[in-house]
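Next one to model:
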Amino acid sequence: QVQVAESGGGSVQAGGSLGLSCTVSGLLFSIDEMRWYRQAPGKQRELVASLRPDGTTTYAASAKGRFTVSGDIPKRSIYLQMNSLKPEDTADYFCSANAKRTILSQPRDYWGQGTQVTVFS
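Here you go, the predicted model:
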């Protein structure tokens, strides 16, 4: 069974920093990409940042310049460093791994349960 686990959420004052960690366990053939999403109350889930095995990263416009995604996908671990946090960053943050169970499998997304981030002014 594949499990995705996030940690590191919490509450922080605006302008502060938080770091989120994500690890993947279980039998997988490969991971093509790992991503951070967030979902604020009453809003749709949105992609925040992604990391590919070759080190390629992407960021949402709202995250550029403030958030940094890093990690080691072969080791199934990524990290999201969030700086200069704003109240509008308040959301549940989810990690996902786009992966194949076997060499013949189609890739699919595996999701964590999420971790809450609250930024207060």
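
Nearest residue to the middle of the chain?
In the chain, the centroid-proximal residue (CA atoms, centre = their mean) is Trp36; its distance is 2.3 Å.

Quickly find the element holding that residue.
Using DSSP states H and E, Trp36 sits in strand 30-39.

Quick one: list the elements packing against that strand.
Applying 3 or more CB pairs under 8 Å, 6 or more residues apart in numbering; DSSP states H and E, one finds that strand 30-39 makes contact with strand 18-25, strand 46-51, strand 77-82, strand 91-100. Just so you know, the C-beta spots here come from the backbone N, C-alpha and C atoms, and that holds for glycine as well.

I'd like those strands as TSV, with distance to Ser121 appended.
Formatted as TSV, those follow (distance: least, CB to CB, whole Å):
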stretch	distance to Ser121
strand 18-25	15
strand 46-51	21
strand 77-82	16
strand 91-100	15
